[in-house]
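[1] Okay, structure incoming, though there's no sequence with it:
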């Protein structure tokens, strides 16, 4: 006898964190778990795993990245996830001493996904928290029923390099506003340390 | 009789999300809650509240931003939090029809904060998850005991404008790699739609 494999669903707190129910956060969660498994690493407690997401702004489905944060521990606050601003539904997962791997949502999956009523609501400008729960559940359930191979294209990227900047704890007081600035970002103005907004330089 | 005011501490799931215990995530959480209260808005379920954080990379204390995500619902996945890369411990909270407000960590608070043993471990390169729990608890407890006015400088920013890009659901298949690209990021090459990495343009 065969049974459908169980698909991972995010813990309840992930929906609390995210703020609403939608199909993208759970999809990013699933992508993140698969990537950890592929890399053979645990959820990141500190600062090793990095995610380079190919999404951008002003387009839908960015909520994927909250699922990735939740699953992998590569959080924005730990400066472990960044965007390339390419408008693509893909992300590369990199960990020192491992071969990086890229996960992308397959076009045929997205074609099926896009036919659900959830998207008709979104295109009318209805925010996710205002969409009827049954409509949201329908697309989440359909997504969970799709096999991993139908949803994700997976490619190892042996040449992918991620070079996190070397950190420093040094900081100076800005001589104009009096606030602390970490040294990497301190500029000089009339020979005195200043922060970027007080410097008048754009960066 | 007087009693110390109770200070907000993040829910347990916030530490699970973040991946380790440190004093910065709880400090960002507190900053985020105060900002919501100042603005008079609830935690963001969808896409209204935006946070412009003045932090950067390659410096400590960025974990503040995970606390801000947790408290406010202005998450990276919803494209509601961004960094200016100024290396400053401050963030501006903006919501349509409200006066934006900036919270910054005060320099004297940071001077006291920086004397705790937790930072001696960090400067020796010990990751937060490997620092003895009592050492981490000591600095978290001290931070919680400091009054809001000693920790945060608060300034309304009536001229602050945030202009989230207008969204579009349109997307095209890249004629080279066959992956979907949201329209804002589609380029043309030999008259055909291509994604940024296939285009050879840098953006």
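    Right, received. Where do you want to start? Predicted model only: the values in this text are computed from it and were never measured.
[2] and the top helix by length along chain A, what's its mean pLDDT?
    Criterion DSSP state H: the longest helix present in chain A is helix A:24-39. The average of the pLDDT scores along helix A:24-39 is 98.
[3] who's in contact with it?
    A:7-10, A:14-15, A:18, A:42-43, A:49, A:51, A:60-72, A:74, A:91, A:93, A:95, A:98, A:101, A:103, A:105, A:140, A:143-144, A:148, A:151-152, A:154, B:77 (CB atoms under 8 Å, 6 or more residues apart in numbering or on different chains). (Each C-beta comes from the backbone N, C-alpha and C, glycine too.)
[4] Can you tell me how far the residue nearest the centre of chain A is from residue A:165?
    Using CA atoms, centre = their mean, the residue of chain A that lies closest to the mean C-alpha position is residue A:65, 2.5 Å off. Distance of residue A:65 to residue A:165, computed by CB to CB, to the nearest Å: 21 Å.
[5] can you pull the contacts of the closest residue to residue A:178 other than its chain neighbours?
    What sits nearest to residue A:178 in space, not counting adjacent residues and going by CB to CB, 6 or more residues apart in numbering or on different chains, is residue B:107, at 6.4 Å. By CB under 8 Å, 6+ apart, the contact set of residue B:107 is A:173, A:178-180.
[6] Just the pLDDT at residue B:107, thanks.
    If you check residue B:107, the pLDDT there is 97.
[7] Could you do residue A:165 as well?
    Looking at residue A:165, its pLDDT reads 89.
[8] so the closest residue to it other than its chain neighbours, which of the three states?
    Leaving aside its chain neighbours, residue A:165 sits nearest to residue B:58 (3.4 Å; criterion: CB to CB, 6+ apart). With DSSP: H, G, I helix; E, B strand; the rest coil as the basis, residue B:58 sits in coil.
[9] now swap in residue A:154 and tell me
    strand.
[10] Which helix or which strand is home to the nearest residue to residue A:127 once chain neighbours are set aside?
    Spatial nearest neighbour of residue A:127, chain neighbours left out: residue B:46 (3.9 Å); criterion: CB to CB, 6+ apart. Using DSSP states H and E, residue B:46 falls within no helix or strand.
[11] about what we covered before: most neighbours out of the contacts of residue B:107, which is it?
    Highest neighbour count within these, by other CB atoms under 10 Å in any protein chain shown: residue A:180, with 24 neighbours.
[12] Any idea what the closest residue to that residue other than its chain neighbours is bridged to?
    Of all residues not flanking residue A:180 in the chain, residue A:171 sits nearest, at 4.8 Å (CB to CB, 6+ apart). Under DSSP bridges, the beta-bridge partners of residue A:171 are residue A:182.
[13] Tell me the spacing between residue A:171 and residue A:185.
    9 Å.
[14] which stretches of chain A form helices?
    For chain A, applying DSSP H gives helices covering A:12-18, A:24-39, A:64-72, A:107-113, A:117-123, A:133-145, A:148-151, A:196-199.
[15] Which of these sits closest to residue B:202?
    Residue B:202 lies closest to helix A:64-72 among these, at 21.9 Å (CB to CB).
[16] What is that closest one packed up against?
    Contact partners of helix A:64-72 among helices and strands, from 3 or more CB pairs under 8 Å, 6 or more residues apart in numbering or on different chains; DSSP states H and E: helix A:12-18, helix A:24-39, strand A:50-53, strand A:81-83, strand A:90-94.
[17] Let me have those in TSV, extended by mean neighbour count.
    Output for the helices and strands packed on helix A:64-72, formatted as TSV (neighbours: other CB atoms under 10 Å in any protein chain shown):
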stretch	mean neighbour count
helix A:12-18	18
helix A:24-39	23
strand A:50-53	24
strand A:81-83	20
strand A:90-94	24
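[18] got TSV for those, with distance to residue B:201 too?
    Below are the helices and strands packed on helix A:64-72 laid out as TSV (distance: least, CB to CB, whole Å):
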stretch	distance to residue B:201
helix A:12-18	33
helix A:24-39	27
strand A:50-53	18
strand A:81-83	17
strand A:90-94	18
